[in-house]
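> Got a predicted model here, sequence first, then my questions.
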Amino acid sequence: MQFEQSPQDVLARLDELREADAPTSGGRLLSYVYDSGIAELDDLAGAAARKAQPLNGLDPTTFPSVAALERDLVALARSVLADGVDGVVGSVTSGGTESCMLAVKSARDTWRAVTGREDRPTLVIGSTAHAAFIKAAHYLDLRLRVLPVDPDTCRLRPDDVAAALDDSVALVVASTPSYPHGALDPITEIAEVCAAQGVPVHVDGCIGAWVLPWWPGADTRPLWDLRVPGVASLSVDLHKYGYAPKGVSVLLYRDRDRHRRQWFATSAWPGYAVVNPTMLGSRTVMPIAAGWAVSKALGGNGFDELTGRIARSAAHLRAVIDDIDGLRIVGDPVGPLLAVATDTSIPEDRRVDPHRWADAARELGWVLQPQPGRTQSDGTVLPRTTHLTLTPVTEAVADDLATAVTKAADAVRGVPGAVAPEDFIAAADHIRPEDLTSENCAAVLTLAGLDPTAGLGGSMADLLALIEALPEPVAERLLIEFLARFME
């Protein structure tokens, strides 16, 4: 066959496009990617994915290898996260967001089946719960009740959960740990107060549940998984600390009936019978095969060794940040996630704004993740922070990272944090979300000095300041417009 462009030219063009990406290996990107630092493991994942490339996960009766791979992954997750618990079943999904949405769908449909009601149930989450649950409530039409977390520990408080429960609540979500701050919610206490009122709990372990079982001291911490009575479901991503390519996640349930309510089936058309355990119909099996292969190769000892590398890096980096004048670790994180804020206990001329710090680190070749501050519903404030996700490869670059974050802090110490321009905020106060069309959103972005065609090459501190200052519906609409125009 005569190609319009040779395969070599096509791949060369892809390499050119990839040059603009943040580095996905080597430990300089501290979010989004989970680098084991083991080239042989990456090669194995790629080879397994390639073998599964032609498969369609739509019909495991036609491709029984798909069922076998999923069975093995669910069994593995069950052995780690539900040891000794009878009746636990689950599914493999395309990622954490799908796992979270399916857990919410199952809870909604279970609530309707049990209560006989057809109105909108309520989803209760903490303010640090992953945004996937806000998305689930939006897509699946649930009322959302967002509880404040303790501003010092960033943990969801059981007493607040108990006060939020009523007969409309279909599900309560707790995190192990929460993404923004690495805080481990008190699952046992939350599940106890929920069980007393017959409300199920979902544990979002998407980022932590495949690393915390091997984290030093795991045997001494309170239980947080499906071994806790009252926990009805749990999600864990294998494309995070399972070191598989995006996207593969496992969603476990305590009982079959709750699991079955995430499924969809119809015979109400003249084609093949449609029976889907997840939201997708046709779906790639490549990341499933890759996750299966990596899990088989590593085994428990391999995950234990890789987790040890992360834990040593976390201890080292925490000590480094503790010694940086003007910064502080938020709360008492458990696991591989850290959030860093300004130390407001010292004079302003010695403080370091975390967003300025992240910008300075980027100039040195390290990509940290700034997070906006947020005022909670009870008036307490979660400060602006910068997030760091640590992986096994961090240990190999720990000294360079320590030097970089220290140098970045020195460069911006005493520099005030970014604030949104007064004239922009004054204009934005008159904006009604319902008036934000694509065209006048573009005009507002221009007023803010944001050019979607240029991407986010400038100061992230300035952008985060705008997000903090704007009303949420306005900020969300502008973010949609910015990214949509960037993608265009």
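Cool, the structure landed.
> Domain-wise, how is the protein divided?
For the chain, the structural domains run 49-294, 422-487, going by automatic domain parsing.
> Make JSON lines out of the ones you listed and add mean neighbour count and mean pLDDT.
In short, each C-beta sits where N, CA and C put it, glycine included. Output for the domains of the chain, formatted as JSON lines (neighbours: other Cβ atoms under 10 Å; pLDDT from 0 to 100):
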{"stretch": "domain 49-294", "mean neighbour count": "20", "mean pLDDT": "96"}
{"stretch": "domain 422-487", "mean neighbour count": "15", "mean pLDDT": "80"}
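> Including distance to V393, could these go into CSV?
Output for the domains of the chain, formatted as CSV (distance: least, Cβ to Cβ, whole Å):
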stretch, distance to V393
domain 49-294, 11
domain 422-487, 23
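> so W111 touches R120, yeah?
No - at 10.0 Å, W111 does not count as touching R120 under the criterion of Cβ atoms under 8 Å.
> Would you map the helices across the stretch 1-150 of the chain?
Using DSSP state H, counting those that start in this stretch, the helices assigned to the stretch 1-150 of the chain run over residues 7-18, 39-51, 64-81, 96-115, 131-140.
> Would you mind giving those as TSV with distance to V250 added?
Shown next, in TSV, are the helices of the stretch 1-150 of the chain (distance: least, Cβ to Cβ, whole Å):
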stretch	distance to V250
helix 7-18	29
helix 39-51	16
helix 64-81	4
helix 96-115	7
helix 131-140	15
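> Tell me which of these lies nearest to A244.
helix 39-51 (6.1 Å; Cβ to Cβ).
> Which neighbouring elements make contact with the closest one?
helix 286-322 (3 or more Cβ pairs under 8 Å, 6 or more residues apart in numbering; DSSP states H and E).
> Show me what the helix it packs on is packed against.
helix 39-51, helix 64-81, strand 327-329, strand 337-342, helix 398-412.
> List the buried residues in the last one.
If you call a residue buried by 16 or more other Cβ atoms under 10 Å, then helix 398-412 has these buried ones: 398, 401-402, 404-406, 408-409, 411-412.
> ok, E4 - contacts?
With contacts defined as Cβ atoms under 8 Å, 6 or more residues apart in numbering, E4 has no neighbours.
> for the helices and strands packed on helix 286-322, which one sits closest to Y139?
helix 64-81 (23.9 Å).
> just to revisit the earlier point, for the helices of the stretch 1-150 of the chain, which one sits closest to A418?
helix 131-140 (22.6 Å).
> Quick one: residues in contact with that closest one.
96-97, 100-101, 103-105, 108, 123, 125, 142-144, 173, 204, 206.
> so how far is that helix from its chain's centroid?
Centre-to-centre, helix 131-140 and its host chain are 13 Å apart (Cα atoms, centre = their mean, to the nearest Å).
> Render the CA-only coordinates of it in CSV, please.
Extracted C-alpha coordinates of helix 131-140, given in CSV (Å, rounded to 0.1, in the frame of the first residue of the first chain):
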residue,chain,number,x,y,z
ALA,A,131,-13.6,16.8,41.7
ALA,A,132,-14.8,13.6,39.9
PHE,A,133,-17.5,13.4,42.5
ILE,A,134,-18.7,16.9,41.7
LYS,A,135,-18.7,15.8,38.1
ALA,A,136,-20.7,12.6,39.0
ALA,A,137,-23.3,14.6,40.8
HIS,A,138,-23.6,16.9,37.8
TYR,A,139,-23.9,14.1,35.2
LEU,A,140,-26.1,11.9,37.3
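> Taking helix 96-115 as reference, get the angle to that helix.
Interaxial angle, helix 131-140 versus helix 96-115 (axes from the mean of the first three to the mean of the last three Cα atoms, to 10 degrees): 50 degrees.
> With distance to L368 added, can I get the helices and strands packed on helix 286-322 in CSV?
Below are those laid out as CSV (distance: least, Cβ to Cβ, whole Å):
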stretch, distance to L368
helix 39-51, 24
helix 64-81, 30
strand 327-329, 12
strand 337-342, 8
helix 398-412, 8
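> about what we covered before: export the buried residues of helix 398-412 to a markdown table and tack on pLDDT?
Shown next, in a markdown table, are these (pLDDT from 0 to 100):
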| residue | pLDDT |
| --- | --- |
| A398 | 96 |
| L401 | 97 |
| A402 | 97 |
| A404 | 97 |
| V405 | 98 |
| T406 | 98 |
| A408 | 98 |
| A409 | 98 |
| A411 | 97 |
| V412 | 97 |
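> so which two of those residues are the farthest from each other?
Maximum distance among the buried residues of helix 398-412 (Cβ to Cβ): 22.0 Å, for A398 and V412.
> who does D204 bridge with?
Per DSSP bridges, the residues bridged to D204 are S175, S235.
> Thought C100 was touching it, still the case?
Yes - if you go by Cβ under 8 Å, D204 and C100 touch, sitting 6.5 Å apart.
> anything in contact with each of those two?
130, 133, 235.
> Give me the distance between the last one and G300.
The spacing between S235 and G300, counted by Cβ to Cβ, to the nearest Å, is 20 Å.
> Return the residues in contact with R258.
106-107, 110, 200, 232-233.
> Which pair in these has the greatest spatial separation?
T110 and S233 (10.2 Å).
> what do the two both touch?
With Cβ under 8 Å, 6+ apart, T110 and S233 have common neighbours 200, 258.
> who's in contact with the closest residue in space to A411 that isn't next to it in sequence?
When the adjacent residues along the chain are set aside, A411 lies closest to A360, with 4.6 Å between them (Cβ to Cβ, 6 or more residues apart in numbering). Residues in contact with A360 (Cβ under 8 Å, 6+ apart) are 407-409, 411-412.
> Throw those residues into a markdown table and include distance to A311, thanks.
Compiled in a markdown table, these are given as follows (distance: Cβ to Cβ, whole Å):
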| residue | distance to A311 |
| --- | --- |
| K407 | 25 |
| A408 | 24 |
| A409 | 24 |
| A411 | 29 |
| V412 | 29 |
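> Of those, which is the nearest to P287?
A408 (34.4 Å).
> now the closest one, nearest residue through space, not along the chain?
Nearest non-adjacent residue to A408 (Cβ to Cβ, 6+ apart): A360, at 3.7 Å.
> Now do the one you found against L478, distance only.
26 Å.
> what do you get for E395?
For E395 relative to L478 (Cβ to Cβ), the value is 39 Å.
> thinking again about what came up before, what strand or helix carries the residue nearest to A411?
Assigned by DSSP states H and E, A360 falls within helix 354-363.
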